[in-house]
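>>> below are the sequence and a predicted model; questions follow.
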Amino acid sequence: MNTPVVIGISSIQQKGSYDDLDEALILMEKAAQKAISDSTNPNIVNYIDQIQIPKGFWKYRDPGKWIAKRNGMKSAKTTVTKIGVLQQNLINTACKDIVDGKINASLIIGGEARYKKIQALKENKVFVETELNTNPDYYVKADHDLQTQDERDELGLMAVGYYAILETAYRAQKKLSIQEHKEKISKLYEVFSKIAKENPDGWLDKSLAANEIIEASKSNPLQALPYNKFHCTSWNVNQASAIIICSENLANNLRIPLSKRVYPLASSESNHMIAPIQRPHLSKSYGLDLAVKFIKDVCRNNNIEPNLYELYSCFPIAVQMFSDSLGLNENQSKTVTGGMSFAGGPLNNYMIHSTVKMLSKIRSDHSNIGLVTGVSGMMTKQALALWSKKPLIDFITKDVTEEAKLKEAPVQMSEELEGMATIIGYTIFKDNNGELKAVIYSEDSKNKRKVLISYDKEILKSMGEEEWVGKNIKFKGKHLVS
């Protein structure tokens, strides 16, 4: 039977001083070893044909080969997936390869050690990372850039500004006042922080009240309006997780206990890439809705009802967009980890950690059916995965990218040098010189898109107090004219 099944999982977290902490390579090896041990049969290493690792901040070319050599995985081919590739795609690839009989087992690992780097600075130590110069057997990368050049020029490569602009567009779409919106996302994240506090794998040790999240402060500084620090993913962590997936037949041959087995039921992903400024609707995604529809259809057609959710939570807008598309109400729990702000959000591998947590929840209560969601880029790509203790259906997956392309085409960029435009989203943050700056997405009189900026203090003050999405404004060059 080539039914894919997870037989080993692990999650590792480290805190302390510099000398107590491992670099990402060692963290990932420890996670792999722990997942092997969790499977109960160390002979699984003889059947691992595939090691997949999403690229983090680290510089190693191929940590997979190093881990394979040291741990007896002699037949393993290695893949490093770069930023811009959905982490769920690693799981889907493994499952499809198992169903097709291409591999016996796959090891998926993610890890990050930015906390060790920070401790090196604090303790005046020199951070040294093991040098690995051998390339993996395969690299996987995104087909297109995540942003336009105009966006990169004004927002850089940090995700927070892009997501903040999507958030303001969402706020206006929901017809919420600035204060109502602040209260909504802060109450949402108050609940997340309480769950993270009870999560032994969670990064923060205490929960936060909504009033500690809602306003900027010394401990919660503004990142990009309306986001403060506690609204944002926390990637300065030392964390690693691993998942071992194999065929049911191999699990039987290795006598893996039934208590260890959790089954992927269905997965969907949209890899349709449109730069944020060019999306027809900033706070809505056709690809997301199509991916959600596929999972909901699978559930309806097979009488499956998820009761646990882990909605990707790099920033509140991601949680809200998934929640709206899935039709969840405000009282339904939307995380089992506590979210990326509080449980920790290591770069480009959080969905590995959240999936491990979901699988552990399913192991502990066999009635649980879990739905895990993921994102890549600036809410660019989306994925969903349905998990259960029993193989209720044959694993099924769908990529909705081509269908999404038919429904959602990028809006052309404006070449107008001056004129009138309508604001469709905006944010405020400190530029590289420490000066407050507004970045505005707008639509000109020909319904083409333009990125504008402003340093005008009166405008910046007004943007923080009243809604500017929907306002008609004048521009000259790339500047909003007061």
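Happy to help now that I have it.
>>> can you list the low-confidence ranges for the stretch 1-150 of the chain?
Along the stretch 1-150 of the chain, segments meeting pLDDT under 70 span 1.
>>> is the most centrally placed residue in the chain in a bridge, and if so with what?
Nearest to the geometric centre of the chain sits V375, at 4.4 Å (Cα atoms, centre = their mean). V375 has these beta-bridge partners by DSSP bridges: Q382.
>>> roughly how far does it sit from N348?
Look at V375 and N348: by Cβ to Cβ, to the nearest Å, they are 11 Å apart. All C-beta atoms are positioned from the backbone trio N, CA, C, and that covers glycine.
>>> picking up where we left off before, got a pLDDT number for the residue nearest to the centre of the chain?
Here, the pLDDT recorded for V375 equals 95.
>>> pull the contacting residues for it.
By Cβ atoms under 8 Å, 6 or more residues apart in numbering, the contact set of V375 is L86, Y312, C314, A318, K381, Q382, A383.
>>> could those be laid out in TSV, adding neighbour count and distance to T134?
Below are these laid out as TSV (neighbours: other Cβ atoms under 10 Å; distance: Cβ to Cβ, whole Å):
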residue	neighbour count	distance to T134
L86	25	26
Y312	29	32
C314	23	31
A318	25	35
K381	27	29
Q382	31	33
A383	28	30
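>>> nearest spatial neighbour of E443, skipping sequence neighbours?
Taking Cβ to Cβ, 6 or more residues apart in numbering as the measure, E443 lies nearest to T422, with 5.1 Å between them; neighbours along the chain are not counted.
>>> now whichever strand or helix holds that neighbour: how far from the chain's centre is it?
T422 is part of strand 418-430, with elements assigned from DSSP states H and E. When distances are taken as Cα atoms, centre = their mean, to the nearest Å, strand 418-430 is centred 27 Å away from the chain's centroid.
>>> let's see that strand as CSV, backbone CA atoms only.
What follows is the C-alpha trace of strand 418-430 in CSV, where atoms were taken according to Å, rounded to 0.1, in the frame of the first residue of the first chain:
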residue,chain,number,x,y,z
GLU,A,418,1.2,63.5,-12.3
GLY,A,419,-2.6,63.6,-11.8
MET,A,420,-5.3,62.3,-9.6
ALA,A,421,-5.5,58.9,-8.0
THR,A,422,-7.5,56.9,-5.4
ILE,A,423,-5.7,55.3,-2.4
ILE,A,424,-6.3,51.6,-2.1
GLY,A,425,-4.0,50.9,0.8
TYR,A,426,-1.2,52.5,2.8
THR,A,427,1.2,52.2,5.7
ILE,A,428,3.6,54.3,7.8
PHE,A,429,7.0,53.2,9.1
LYS,A,430,10.5,54.6,9.7
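>>> what segments of the protein are helices?
In the chain, helices defined by DSSP state H lie at 24-38, 63-70, 88-99, 114-122, 149-155, 159-173, 178-197, 210-214, 248-253, 286-301, 316-326, 350-364, 401-407, 457-465, listed in chain order.
>>> so for the fifth one, what gets flagged as buried?
Residues of helix 149-155 classed as buried: D150, E151, E154, L155 (neighbour count, 16 or more other Cβ atoms under 10 Å).
>>> could you do stretch 428-447 as well?
For stretch 428-447, the buried set under the neighbour-count rule, 16+ other Cβ under 10 Å, comprises I428, F429, L436, K437, A438, V439, I440, Y441, S442, E443, D444.
>>> ok, so of those residues, who is nearest W468?
Checking these against W468 by Cβ to Cβ gives I440 as the nearest, at 7.8 Å.
>>> need the contact list for the closest one.
If you count contacts by Cβ under 8 Å, 6+ apart, then I440 has I423, G425, Y426, V451, L452, I453, S454, W468, I473, L480 around it.
>>> so the first one sits against I473, correct?
Yes: with contacts defined as Cβ atoms under 8 Å, I423 counts as touching I473 at a distance of 6.2 Å.
>>> of the two, which one has the most company?
Of the pair I423 and I473, I423 is the one with more neighbours under other Cβ atoms under 10 Å, namely 23 against 17.
>>> tell me the bridge partners for that one.
In this structure, I423 has the following beta-bridge partners (DSSP bridges): S442.
>>> ok, back up a step: average model confidence for the strand holding T422?
Confidence over strand 418-430 (mean pLDDT, whole number) is 96.
>>> what helices and strands are in contact with that strand?
Applying 3 or more Cβ pairs under 8 Å, 6 or more residues apart in numbering; DSSP states H and E, we find strand 418-430 packed against helix 159-173, strand 222-224, strand 436-444, strand 449-454, helix 457-465, strand 472-476.
>>> export those to TSV and append columns for distance to Y18 and mean pLDDT.
Shown next, in TSV, are the helices and strands packed on strand 418-430 (distance: least, Cβ to Cβ, whole Å; pLDDT from 0 to 100):
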stretch	distance to Y18	mean pLDDT
helix 159-173	27	97
strand 222-224	26	95
strand 436-444	35	97
strand 449-454	40	97
helix 457-465	39	94
strand 472-476	49	95
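>>> restricting to C-alpha, output stretch 152-160 in CSV.
Coordinates of the C-alpha atoms in stretch 152-160 are reproduced here as CSV (Å, rounded to 0.1, in the frame of the first residue of the first chain):
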residue,chain,number,x,y,z
ARG,A,152,11.1,47.2,-3.6
ASP,A,153,12.3,50.8,-3.9
GLU,A,154,10.0,52.1,-1.3
LEU,A,155,9.2,49.1,1.0
GLY,A,156,12.4,47.1,0.6
LEU,A,157,12.3,43.3,1.1
MET,A,158,10.9,43.2,4.6
ALA,A,159,7.4,41.7,4.5
VAL,A,160,5.8,43.8,7.2
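>>> ok, the closest residue to I165 other than its chain neighbours - contacts?
With sequence-adjacent residues excluded and distances taken as Cβ to Cβ, 6+ apart, I165 is closest to G425, at 4.1 Å. The contact partners of G425, taken as Cβ under 8 Å, 6+ apart, are I165, L166, T168, A169, A172, L282, I440, Y441, V469.
>>> right, and the second one touches P276 too?
Yes: in terms of Cβ under 8 Å, L166 counts as a neighbour of P276; the distance is 6.7 Å.
>>> mutual contacts of those two, please.
Taking Cβ under 8 Å, 6+ apart as the contact rule, L166 and P276 both touch L282, M378, M379.
>>> just those residues now: which is nearest A35?
Comparing every one of the shared contacts of L166 and P276 with A35 (Cβ to Cβ), the shortest separation belongs to M379, at 30.0 Å.
>>> wouldn't the closest one be in contact with L166 here?
Yes: because the distance of 6.1 Å satisfies Cβ under 8 Å, M379 is recorded as touching L166.
>>> skipping adjacent residues, who's closest to V439 in space?
E154 (4.9 Å).
>>> quick one: neighbours of I243, just the number.
I243, neighbours per other Cβ under 10 Å, totals 29.
>>> just checking, it touches I91?
Yes: in this structure, I243 is within contact of I91 by Cβ under 8 Å, at 7.3 Å.
>>> residues shared between the contacts of those two?
I108, T355.
>>> what distance separates stretch 408-423 from the centre of its chain?
Here stretch 408-423 is found 29 Å from its chain centre; the criterion is Cα atoms, centre = their mean.
>>> distance between the ends of that stretch?
21 Å (Cα to Cα, to the nearest Å).
>>> for the contacts of G425, give me CSV that also has distance to T355.
Putting these into CSV (distance: Cβ to Cβ, whole Å) gives the following:
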residue, distance to T355
I165, 29
L166, 24
T168, 31
A169, 29
A172, 34
L282, 28
I440, 37
Y441, 33
V469, 35
